[in-house]
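S.K.: I'd like to go over a predicted model; first the sequence, then the structure.
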Amino acid sequence: MAVGAGERARTWDAGRTASAWQVRVPRGFGDAAESIRTWLVAEVAPGRLMPWLPIAFGTGIVLYFTAEREPSLVAAMALFVGFGVAAALARGRAIAFPLLLALAAVAAGFATATLRSARVAHPILPRPAWNVAITGWIEVREERARSDRIVVKVHGIDGARMQEPLERVRVSVRKGTAPPVGAFVAFKSRLDPPRAPWRPGGYDFARDLYFQNIGATGLALGAIRRAEPPGPPGAWLRYATFIDGIRNAIDARIRAHLSGDTGAIASALITGKRDAITEPVNQAMYDSSLAHVLSISGYHMAVVAGVVFFVVRALLALAPALALRRPIKKWAAATALVAAFFYLLLSGAEVATQRAFIMTAIVLVGVMVDRPALTLRNLALAALGVLLIAPEAVVHPSFQMSFAATLALVAVYERGLPWMTAGADTPLGARVALWGGREILALILASLVAGLATTLYAAYHFHRLAPYGVLANLLAMPVVSLVAMPFGLLALVAMPFGFDGPLWQVMGVGIEWMIAVALWVANLPGAVGRIAAFGAGPLLLSTAGLVVVCLLRTPLRWCGAAVLGVAILWAFHPARPDVLVGDGGQAFAVRAADGKLAVVKTGHDTFAVGEWLKADGDARQPGDAGLAEKFACDRAGCIAQLADGSLVSVVVAPEAFEEDCARAKLVLSQRTAPPFCRAAVVDRTAWRQTGALALTRTDAGFAIMAARPLTQDRPWARRNGEAGGAGERSTLAAPPAPAAQNARDATPRADDLGPDD
């Protein structure tokens, strides 16, 4: 029997909902309680709960990533089915239904993440391996400022410590020596397990690589040789080769007309290749809050779709017969959708670009079916789409910042549009509109809203703030939007006909202006706001506050502002460790009496030191000479004092153990400490099992936090360094290699590498 409109309404009756929220309150609070009840009823009205579904879905994914051990897929699916059935049975109940639906969405997110992890399961290198012989196909080639980096789909792998064949490896090679995507290559390499966090609570690169099916990282040793592939290429490799060929051709055309950072940024805007931007300009873009321009996301997709939509509609409007009799607006929207999809493929389809395309597609489809386009409901659909495809994106800064900014902007658009258009029919309003006053105000408001919405996320992941972000965006974004991006798109269209050169030059003018703005703003006094690292608690609390402010429509939303205030206060008062130990025991840091970290290195782990300093809100660099001045050192080791006067020893030579174990409160060493040591000890046995460590002085001794706790056992972080679960291997191939070329030494030098190589 079909369900009619009236029957559907009875499943969510407004009167029943109102009575369900009726509660008894003390005398004198009746009016306030009635107002709150009215607001609650309005917030759970039909259609109001849909934007909360991706929030609950994402919460389930976050819960998956916080588990110490890998959840059972059967248990996760059973939990989802149980809550789903319960929600369906309680559909007519005013309170039980939304609560059970929320729990079902949480369980769905948890099950989706568990299923995704099971699907990508693959071996992970458990310990470093030298002189490993690898053959395979190049799937990804990244050009970087000082080196190149390739991802190889492994066909054959042979090494002394190789317990299981890996599916993919990522290796750094000397700049200019990486073969193209699709090439079948043979080379030798030094491989390391995917890097654990540099500090407890830091970003987990191993988790990222696991979901990319990469089981090891390392360096190419010697030459990379082109070889004859063992078979025909697979469909995915043919697609990757085709897209990479297009991206390289466009990149070459851009670089032929634009040099240096101008060409690198132009290529980043069109092809997504942003790794060749020099460090000073890249840093200035981050310090000025213009780095979002370098990552293709909602802004770029909106510009591409908007320009194509406007141009196609304007051209069709030139023909009166079409303009008066045909839905040219819908035709323009369909053309813009095709252009946006091509831009998605061309740019590499990263998470932010996927979200932007889904959101743009929903908007354009809304135009084609005559429905409102820019709504919170559509943003919710975009979020669900991304999380279903890649649930691991929820812990990535790109996803978090992209959706936070978009959520805030859509909420302001929905509620601020009447205010923005107020007074437009007055003489003053007409003059303001004529001179672009509303557009300038909208740009300022958008920059301010997006900047505020992403502030805590930037502080959590990058430990910095951009005080002049609104100024930089106000000066740069109009030029980027009106000059750089439109002329870049026109150049892309004109490229097959050979008329793209002058258009790239005009695009370069806009980019040079943006670079100049970034460098100027980055050099203003106080342009770099550093903040010490804080835990996930303030970030989760601020996310809850932002969601409440943006999704609720009644005065209850101001509860979210209070939550945001608490989160900000919490974030600006983080607990900082007294001692840090690097993964591998090559670097140690002690917080001295002045509150700053004193660092001593027994190896070459400058990357960990740089991460520690940034996380401490410290402007010093890993190479600064004064980092170790609080340590008193000799050939046997070093001694430093904590703020309470306790001694911390870093033992280098074995003979130092006897004296330092007797007088120090804490002994740190790359070696294994003797059993007679009376001090607290962090030695080879400890950091081999747990990775990086953070220690805090307490009355009872030292509280220890590990990057890899002994109780943790996840596919990307196996307990005691065990290898990840084996996945089903598949074989892809590349087209036959061209004639042999002279092989070049691909071994990168130490100064070629960056912190994530």
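M.R.: Perfect, I can see it now.

S.K.: only C-alpha atoms for contact and neighbour calcs from this point on.
M.R.: Will do.

S.K.: okay, and for the stretch 401-550 of the chain, where does confidence drop off?
M.R.: For the stretch 401-550 of the chain, the stretches with pLDDT under 70 are 416-440, 442-443.

S.K.: Tell me the helix or strand right after the top strand by length along the chain.
M.R.: When the chain is scanned for its longest strand (criterion: DSSP state E), the result is strand 129-143. Later in the chain than strand 129-143, the nearest helix or strand by DSSP states H and E is strand 147-158.

S.K.: Give me the angle between that following strand and strand 129-143.
M.R.: Relative orientation of strand 147-158 versus strand 129-143 (axes from the mean of the first three to the mean of the last three C-alpha atoms, to 10 degrees): 140 degrees.

S.K.: For the residue nearest to residue 167 when sequence neighbours are not counted, give me its contacts.
M.R.: Leaving out its chain neighbours, the residue that sits closest to residue 167 by C-alpha to C-alpha, 6 or more residues apart in numbering is residue 154, at 5.4 Å. Applying C-alpha atoms under 8 Å, 6 or more residues apart in numbering, we find residue 154 in contact with 134, 135, 136, 137, 166, 167, 168, 169.

S.K.: Mind listing the residues bridging to residue 154?
M.R.: Residue 154 forms beta bridges with residue 136, as assigned by DSSP bridges.

S.K.: same deal with the one 4 residues further on?
M.R.: When bridges are called by DSSP bridges, residue 158 pairs up with residue 133.

S.K.: domain parsing for the chain?
M.R.: Here the domain assignment for the chain is 5-119, 129-231, 536-571, 579-706, based on automatic domain parsing.

S.K.: what's the most buried one of the ones you listed?
M.R.: When you average the neighbours per residue for each of the domains of the chain (mean count of other C-alpha atoms under 10 Å), domain 129-231 leads with a mean of 21.

S.K.: For the contacts of residue 154, give me TSV that also has distance to residue 668 and pLDDT.
M.R.: Output for these, formatted as TSV (distance: C-alpha to C-alpha, whole Å; pLDDT from 0 to 100):
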residue	distance to residue 668	pLDDT
134	37	94
135	41	94
136	42	94
137	43	93
166	34	92
167	37	92
168	36	94
169	33	95
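
S.K.: Could you list every helix and strand in contact with the longest strand of the chain?
M.R.: strand 147-158, strand 184-192, helix 235-257 (3 or more C-alpha pairs under 8 Å, 6 or more residues apart in numbering; DSSP states H and E).

S.K.: one more time with 10 Å, if that's ok
M.R.: Using 3 or more C-alpha pairs under 10 Å, 6 or more residues apart in numbering; DSSP states H and E as the contact test, the elements touching strand 129-143 are strand 147-158, strand 168-174, strand 184-192, strand 216-226, helix 235-257.

S.K.: how about these in JSON lines, adding distance to residue 613?
M.R.: Converted to JSON lines, those look like this (distance: least, C-alpha to C-alpha, whole Å):
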{"stretch": "strand 147-158", "distance to residue 613": "25"}
{"stretch": "strand 168-174", "distance to residue 613": "25"}
{"stretch": "strand 184-192", "distance to residue 613": "24"}
{"stretch": "strand 216-226", "distance to residue 613": "25"}
{"stretch": "helix 235-257", "distance to residue 613": "36"}
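
S.K.: mind checking which of these is nearest residue 582?
M.R.: Checking these against residue 582 by C-alpha to C-alpha gives strand 184-192 as the closest, at 15.9 Å.

S.K.: what comes into contact with the next helix or strand after that closest one?
M.R.: Going down the chain from strand 184-192, the next helix or strand is helix 205-211, by DSSP H and E. The contact list for helix 205-211, computed with C-alpha atoms under 10 Å, 6 or more residues apart in numbering, reads 65, 116-117, 119-124, 168-170, 193-198, 212, 214-217, 390-393, 395-396, 714-717, 724, 756.
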